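Colleague: Just a sequence and a predicted model for now, questions to come.
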Amino acid sequence: YIQTGEFDKALGLVNDIESGLAKYKNKISKVRISFFYFNLAVVFFALDDFSGALKWINKLLNDSDIDSSQDIHCMGRVLNLIIHLEIGNNDLIPYTFRSTQRYLSKRERIYRFESVILNFINKLSKAENNEAVKNCYHVLRPELLALSKDPFEKSVFEYFDFITWVEGKYLNLPFRSMVKKKLDQENLKE
């Protein structure tokens with residue numbers, strides 16, 4: 001449902017997923033569980049329920065049994081930063097930014113994407129007006145588009161549609177609407 005932009009339908013599965021995770025948690029790998037957490041965070045994010053998104057991303061980041069060297073954990077940290085941006089948790093962003101920066105610098109496998117996002121958030125935190133904020137998103141979009149074409153970097157975009165999120169921020173449209181618009185355009189091409 002995430003891939004098709006049917007976030008309401010995905011939301012309808014949350015209780016079943018929670019029950020299944022509770023019932024089968026000892027039979028499901030920690031990596032699979034982390035993907036459930038991440039994808040549930042994306043569903044709530046797309047529905048503008050950022051506290052729900054934060055709940056699920058925190059489950060991912062706080063689960064000590066999930067290997068923090070996994071890429072999903074890294075993407076969880078990035079999405080956590082983005083959720084805090086969306087909520088407007090300006091007091092938490094500097095701490096979360098530094099924590100994420102430290103975590104990413106300790107990883108052996110670093111995507112250029114990570115540097116681009118951290119640089120963007122750093123610039124965004126220094127933006128003094130709406131025009132400067134909009135410009136930060138405008139500058140980020142082509143950087144992400146270039147990375148999405150890189151064979152090594154493109155796997156990052158399978159976790160979350162960062163480009164569509166940035167386009168929505170620039171156009172002042174909700175992520176959910178942007179996903180639908182993108183899917184509609186892709187269907188017209190077919």
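Modeller: Arrived safely.

Colleague: The closest residue to residue 145 other than its chain neighbours: how many residues sit nearby?
Modeller: Of all residues not flanking residue 145 in the chain, residue 163 sits nearest, at 6.3 Å (Cβ to Cβ, 6 or more residues apart in numbering). Glycine gets a C-beta too; all of them are placed from N, C-alpha and C. By other Cβ atoms under 10 Å, 19 other residues sit near residue 163.

Colleague: which helices and strands sit right next to the helix or strand encompassing residue 163?
Modeller: Following DSSP states H and E, the helix or strand that holds residue 163 is helix 162-171. Judged by 3 or more Cβ pairs under 8 Å, 6 or more residues apart in numbering; DSSP states H and E, helix 162-171 is in contact with helix 130-148, helix 175-189.

Colleague: mind checking how far residue 172 is from residue 34?
Modeller: Here the criterion is Cβ to Cβ, to the nearest Å. By it, residue 172 lies 32 Å from residue 34.

Colleague: For residue 144, which non-adjacent residue is closest in space?
Modeller: Residue 144 sits nearest to residue 163 (Cβ to Cβ, 6+ apart), 4.9 Å away.

Colleague: neighbour-wise, which of residue 172 and residue 34 wins?
Modeller: residue 34 (24 against 9).

Colleague: isn't that one right up against residue 76?
Modeller: Yes - between residue 34 and residue 76 there is a contact under Cβ atoms under 8 Å: 7.4 Å.

Colleague: Overlap in contacts, the two.
Modeller: residue 60 (Cβ atoms under 8 Å, 6 or more residues apart in numbering).

Colleague: list the contacts for residue 173?
Modeller: Here residue 173 is in contact with residue 181 (Cβ under 8 Å, 6+ apart).

Colleague: Now do residue 67, the pLDDT please.
Modeller: Looking at residue 67, its pLDDT is 68.

Colleague: shouldn't residue 114 be in contact with residue 104?
Modeller: Yes - counting by Cβ under 8 Å, residue 114 does reach residue 104; the two are 5.0 Å apart.

Colleague: in the helix-or-strand element of the chain with minimal mean pLDDT, what counts as buried?
Modeller: Ranked by mean pLDDT, DSSP states H and E, the helix or strand of the chain with the weakest confidence is helix 175-189, at a mean of 85. Using 16 or more other Cβ atoms under 10 Å as the test for burial, helix 175-189 gives 175, 176, 178, 179, 180, 181, 182.

Colleague: Can you spell out which helices and strands pack onto it?
Modeller: Short answer (3+ Cβ pairs under 8 Å, 6+ apart): helix 175-189 packs on helix 30-46, helix 162-171.

Colleague: of those helices, which approaches residue 119 most closely?
Modeller: Nearest of the helices and strands packed on helix 175-189 to residue 119, taken as Cβ to Cβ: helix 162-171 at 13.5 Å.

Colleague: Please compute how far that closest one lies from its chain's middle.
Modeller: Relative to its chain's centre, helix 162-171 lies at 12 Å (Cα atoms, centre = their mean, to the nearest Å).
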